[in-house]
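Chemist: Model the following, please.
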Amino acid sequence: MGLFQKFVSQTRKPDGFLGKMMLSSMNSGHAKMADWGFSLLPNLSPENVVDLGCGAGRNVGELLKRYSEAHVTGIDYSYLSVEKSKDYNKTMIKAGRCEIMQGDVSDLQLPADAFDLATAFETIYFWPGLEKCFVRVAKVLKPGGLFMICNESDGTDAAGLKFEKIIDGMKTHTEGEIEAALRKAGFSDVKSNHYPSKPWITVLAWK
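Modeler: Numbers count the residues shown, from 1 in each chain. Here you go, the predicted structure:
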């Protein structure tokens with residue numbers, strides 16, 4: 001495996017020196033896409049929010065700023081990501097408004113019906129079975145809760161398909177595939193948005 005492939009493979013589960021390098025680039029590299037996703041959220045006043053696959057913690061921080069009364073939980077299955085996210089959000093953790101923990105979305109150890117909003121930025125590519133994982137997300141959302149997915153790849157773009165071949169365990173998904181899996185998992189209302197000039201997609205799903 002070449003150095004480039006080893007580096008980009010760190011997007012799945014950052015670890016070691018290359019993982020630290022990848023995490024250092026994540027917050028800035030995905031910021032514009034994430035902010036576009038945030039702009040599509042409806043007017044909400046959530047009490048409890050969870051960011052699944054929180055990476056280096058930037059989006060947890062944005063959720064804390066956007067919803068000043070909410071408690072935000074970040075989940076990632078990379079120990080390195082958890083530590084980076086804790087450091088990024090240390091002020092809010094000390095204030096009692098934030099918690100970062102290690103966990104696997106396919107086996108979420110969170111209370112049922114506890115969250116008003118769940119977000120997933122650039123992460124479902126690596127989830128082991130969309131429908132199974134979406135069922136887990138639905139379980140932790142309150143009735144009427146919202147799940148937002150935001151991806152740089154719409155499952156048809158050349159770059160996304162290229163990285164799919166390079167990164168072990170990565171699978172890009174089309175809007176249709178994501179919507180179908182969400183409905184099978186029990187989400188009743190699903191809406192997709194496509195960025196006009198890029199293959200970015202945001203999918204909103206209500207429980």
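Chemist: you'd agree residue 73 is in a helix?
Modeler: No: applying DSSP: H, G, I helix; E, B strand; the rest coil, one finds residue 73 to be strand, outside a helix.
Chemist: In the sheet, which strands lie alongside the biggest strand by length in the chain, parallel or antiparallel?
Modeler: Taking DSSP state E as the criterion, the chain has its longest strand at strand 141-151. Partner strands for strand 141-151, per DSSP bridges, with pairing direction: strand 115-121 (parallel), strand 201-206 (antiparallel).
Chemist: So for residue 103, which of these sits nearest?
Modeler: Ranking the strands paired with strand 141-151 by proximity to residue 103 (C-beta to C-beta) places strand 115-121 first, at 12.8 Å. Using the backbone N, CA and C atoms, a C-beta is placed for each residue, glycine as well.
Chemist: what does the closest one rub up against?
Modeler: For strand 115-121, the surrounding residues in contact (C-beta atoms under 8 Å, 6 or more residues apart in numbering) are 30, 33-34, 37, 41, 44, 46-53, 55, 59, 63, 67, 70, 73, 137, 140-142, 145-151.
Chemist: Distance check, residue 167 against residue 97.
Modeler: 34 Å (C-beta to C-beta, to the nearest Å).
Chemist: The next helix or strand after the longest strand of the chain: which residues count as buried?
Modeler: Using DSSP states H and E, the next helix or strand after strand 141-151 towards the C-terminus is helix 158-166. Neighbour counts over helix 158-166 (16 or more other C-beta atoms under 10 Å) mark 160, 163 as buried.
Chemist: what does stretch 109-125 give?
Modeler: Buried residues in stretch 109-125 (16+ other C-beta under 10 Å): 110, 115, 116, 117, 118, 119, 120, 121, 122, 123, 124, 125.
Chemist: Can you report how many residues lie near residue 95?
Modeler: 10 (other C-beta atoms under 10 Å).
Chemist: so what's residue 59 up against?
Modeler: Per C-beta under 8 Å, 6+ apart, neighbours of residue 59: 34, 51, 119, 121.
Chemist: Tell me the one among the residues you listed nearest to residue 184.
Modeler: Nearest member of those to residue 184, counting by C-beta to C-beta, is residue 119, at 20.5 Å.
Chemist: give me the beta-bridge partners of the closest one?
Modeler: If you apply DSSP bridges, the partners that residue 119 bridges to are residue 51, residue 148.
Chemist: And it, how close does it get to residue 162?
Modeler: Taking C-beta to C-beta, one finds residue 119 at 26 Å from residue 162.
Chemist: again, but for residue 71
Modeler: Distance from residue 71 to residue 162, by C-beta to C-beta: 39 Å.
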